[in-house]
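Asks: coordinates only, sequence not included:
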């Protein structure tokens, strides 16, 4: 054996075993587990540590001090598995010889049943770790019973997970980090830190528009090992601030940014060196770096392809109400992932977003493309350097997009600053994109550019036959007169309308922007055939629910199955009563499912009727109360 540490500590028979026969039988179960661990590479990985019955880790020792299954001593799981790389995650395995004693109905037979004992240990360890509790029972491989339960820090239990086989550590860790409950827990911590940090930066007079940029700069600098090792050694805030900015620019230069972009970013980050607090309060700047490393980097390491900077941008600007005023509505990550599925993004796609914001669509596309490359390092480098292209107009958001892409490891950031209507043709010549994903700026006044103008700009940039997917206010697809109708005509004259999804009503609740949206899917440079039928989906329920302080979350883990149903229905052009329909449409028609779907009365229940009546009664009551109050106010004023 090499790499992983492995040791055995025998316990006193009175604490762990009833008699010699039980010891002998349970040893067979432990041997089966040990062989499975060996077959899955646990003893070949240098960063993994496999311990039996006791751990040398002081934190684990402390947590198991009173975790005995008898309730009066040290808890000793059969196996404790940890990693030097992923230090917040543990695996504990408890074995029993008798399959009949795999688990009790009440879950309180800790000494007798494998699952009960494993969960007891996990309940103690989850005070400081996320724990995968594995229960194994049986004396032969053929009869062996295996179950997995994830217990997150704080005691939140997720069950069942991972099936009935021992898997590799990489598979366990990947599955653990992809659990909705794990994301929700980490996201809650991130948002709590965001709110706290927002208040601190507000008190320190750091502008809302500068806060996300400050965080992104610190994250970029922390990628530099020399900065990470030495930032505490500077004697003054001014020296530390100067070193921080120079490190950021050096890191961006290493990402092969053109000189023009580099100078623009140098100016963008320059405020850090001159800000009254950042350049004069060393203790504050140092604590800021430490806090961002501990709270933001830890989240990014676990949820690598989440647009963390975009989330900070939303949180910071929504307090100032600036995002809606600018027409900026950042797309939720689960929707950027959905678009990649709908567009069938793969390793050979060239993805273009002409209103890229902080880069959420490009980050989700990068994740899917790299996964499809299946470890081909040469292809992955090409994906990162040449197959992800964006345009952003706003200076501060452009800087965030560039740093965001660098943080996600793209070898050469192809984010362009400027007006997409002026520079998209150059993008087309240089990159030949075949997938367009966008969430255009939403109009806040009549003089603003129509959203469908951005969609048409994206379509014009794509190769013939390319796919464009855009999320726009539903008014764009309902327009039956004026500029909106003209834009719909232009779209059908040059491109094909493949589908429209009516999206959840409160999709942008986290941005505090009340706009109902639709997702439009079109094929570039192929005029819409007059007899073609377009697929319309009623995708109003994504499984997300509003939660206090956290916005919309996939609390019940419904999104994965819902997304699969939406994507499958679109690609197969399924017609499902109450959900989807195929319809021939022209420019002056309404492009939404609601206009053509037949109601499926078979799914209506008494509960639906009662809910509608209750909502109507509340509406009438509140309306009458409001009218009465208005009349009283008028009378008082007179």
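Replies: Noted; the coordinates are in hand. No experiment lies behind these values; they were computed from the predicted model shown.
Asks: tell me how the protein divides into domains.
Replies: Domain assignment for the chain by automatic domain parsing gives 5-176, 178-299, 304-624.
Asks: any chance of those domains in JSON lines, plus mean neighbour count and mean pLDDT?
Replies: C-beta here means a position set from N, CA and C on the backbone, and glycine is covered the same way. As requested, the domains of the chain are exported to JSON lines (neighbours: other Cβ atoms under 10 Å; pLDDT from 0 to 100):
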{"stretch": "domain 5-176", "mean neighbour count": "18", "mean pLDDT": "85"}
{"stretch": "domain 178-299", "mean neighbour count": "17", "mean pLDDT": "89"}
{"stretch": "domain 304-624", "mean neighbour count": "19", "mean pLDDT": "88"}
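Asks: tell me the secondary structure for residue 262?
Replies: Here residue 262 takes the helix state, with states given by DSSP: H, G, I helix; E, B strand; the rest coil.
Asks: mind listing what it touches?
Replies: By Cβ atoms under 8 Å, 6 or more residues apart in numbering, residue 262 lies in contact with 249, 252, 253.
Asks: ok so the first one is a strand residue?
Replies: No. Residue 249: not assigned to a strand; according to three-state DSSP it is helix.
Asks: nearest residue to it in space, please, no chain neighbours.
Replies: Nearest residue to residue 249, sequence neighbours excluded (Cβ to Cβ, 6 or more residues apart in numbering): residue 266, at 5.4 Å.
Asks: my guess is the one you found contacts residue 246. True?
Replies: No. Applying Cβ atoms under 8 Å, one finds residue 266 not in contact with residue 246, separated by 9.4 Å.
Asks: where exactly do the strands run in the stretch 101-250 of the chain?
Replies: Counting by DSSP state E, counting those that start in this stretch, the stretch 101-250 of the chain has strands at residues 130-137, 145-151, 157-158.
Asks: how about the ones you listed in a markdown table, adding distance to residue 381?
Replies: Listed next are the strands of the stretch 101-250 of the chain as a markdown table, based on distance: least, Cβ to Cβ, whole Å:
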| stretch | distance to residue 381 |
| --- | --- |
| strand 130-137 | 33 |
| strand 145-151 | 35 |
| strand 157-158 | 36 |
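Asks: quick one, which of the ones you listed is nearest to residue 503?
Replies: Proximity to residue 503, assessed across the strands of the stretch 101-250 of the chain by Cβ to Cβ, is greatest for strand 157-158 (28.3 Å).
Asks: other SSEs contacting the closest one?
Replies: Counting contacts by 3 or more Cβ pairs under 8 Å, 6 or more residues apart in numbering; DSSP states H and E, strand 157-158 is packed against strand 145-151.
Asks: note down every partner strand of the strand it packs on and its orientation.
Replies: Strands that pair with strand 145-151, judged by DSSP bridges, come out as strand 130-137 (antiparallel), strand 157-158 (antiparallel).
Asks: can I get those strands in JSON lines including distance to residue 27?
Replies: Shown next, in JSON lines, are those (distance: least, Cβ to Cβ, whole Å):
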{"stretch": "strand 130-137", "distance to residue 27": "13"}
{"stretch": "strand 157-158", "distance to residue 27": "29"}
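Asks: of these, which is nearest residue 49?
Replies: strand 130-137 (14.8 Å).
Asks: helices along the stretch 51-200 of the chain, start to end?
Replies: Along the stretch 51-200 of the chain, counting by DSSP state H, counting those that start in this stretch, helices occupy 58-63, 114-125, 169-177, 180-203.
Asks: what's the angle from the third one to strand 130-137?
Replies: Relative orientation of helix 169-177 and strand 130-137, computed by axes from the mean of the first three to the mean of the last three Cα atoms, to 10 degrees: 120 degrees.
Asks: likewise for the second one?
Replies: Angle of helix 114-125 versus strand 130-137, following the same axes, to 10 degrees, is 160 degrees.
Asks: how about the strands of the stretch 101-250 of the chain, which one is nearest residue 219?
Replies: That would be strand 130-137 among the strands of the stretch 101-250 of the chain, by Cβ to Cβ, at 23.2 Å.
Asks: how far is the closest one from where the chain is centred?
Replies: Distance of strand 130-137 from the chain centroid (Cα atoms, centre = their mean, to the nearest Å) equals 26 Å.
Asks: and stretch 449-464, by the same measure?
Replies: With Cα atoms, centre = their mean, you get 27 Å for stretch 449-464.
Asks: ok, now stretch 101-119?
Replies: Worked out by Cα atoms, centre = their mean, stretch 101-119 lies 35 Å from the chain centre.
Asks: what's the span of that stretch from first residue to last?
Replies: End-to-end distance of stretch 101-119: 14 Å, with Cα to Cα, to the nearest Å as the criterion.
Asks: quick one: contacts of that stretch?
Replies: Residues contacting stretch 101-119 (Cβ under 8 Å, 6+ apart): 69-70, 77, 92-96, 120, 133-137, 145, 147, 149, 151, 157.
Asks: repeat the analysis, applying 6 Å as the threshold.
Replies: Residues outside stretch 101-119 that contact it (Cβ atoms under 6 Å, 6 or more residues apart in numbering) are 69, 92, 94, 96, 120, 133, 135, 137, 145, 147.
Asks: try stretch 515-533
Replies: Contact with stretch 515-533 is made by 459, 462, 464, 466, 468-471, 473-474, 477, 492, 495-503, 505, 507, 582, 584, as judged by Cβ under 6 Å, 6+ apart.
Asks: hang on, the earlier thing: save the contacts of stretch 101-119 as JSON lines, and put in distance to residue 62 too.
Replies: What follows is the contacts of stretch 101-119, written out as JSON lines (distance: Cβ to Cβ, whole Å):
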{"residue": "69", "distance to residue 62": "18"}
{"residue": "92", "distance to residue 62": "15"}
{"residue": "94", "distance to residue 62": "20"}
{"residue": "96", "distance to residue 62": "26"}
{"residue": "120", "distance to residue 62": "16"}
{"residue": "133", "distance to residue 62": "19"}
{"residue": "135", "distance to residue 62": "24"}
{"residue": "137", "distance to residue 62": "29"}
{"residue": "145", "distance to residue 62": "32"}
{"residue": "147", "distance to residue 62": "27"}
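Asks: nearest to residue 398, out of the residues you listed: which one, please.
Replies: For those, the nearest to residue 398 is residue 133 (46.6 Å; Cβ to Cβ).
Asks: wait, the closest one touches residue 149, no?
Replies: Yes. Between residue 133 and residue 149 there is a contact under Cβ atoms under 6 Å: 4.8 Å.
Asks: if we can go back for a sec, from the contacts of stretch 515-533, which land in strands?
Replies: Applying DSSP state E to those, the entries found in strands are 468-471, 473, 496-502, 582, 584.
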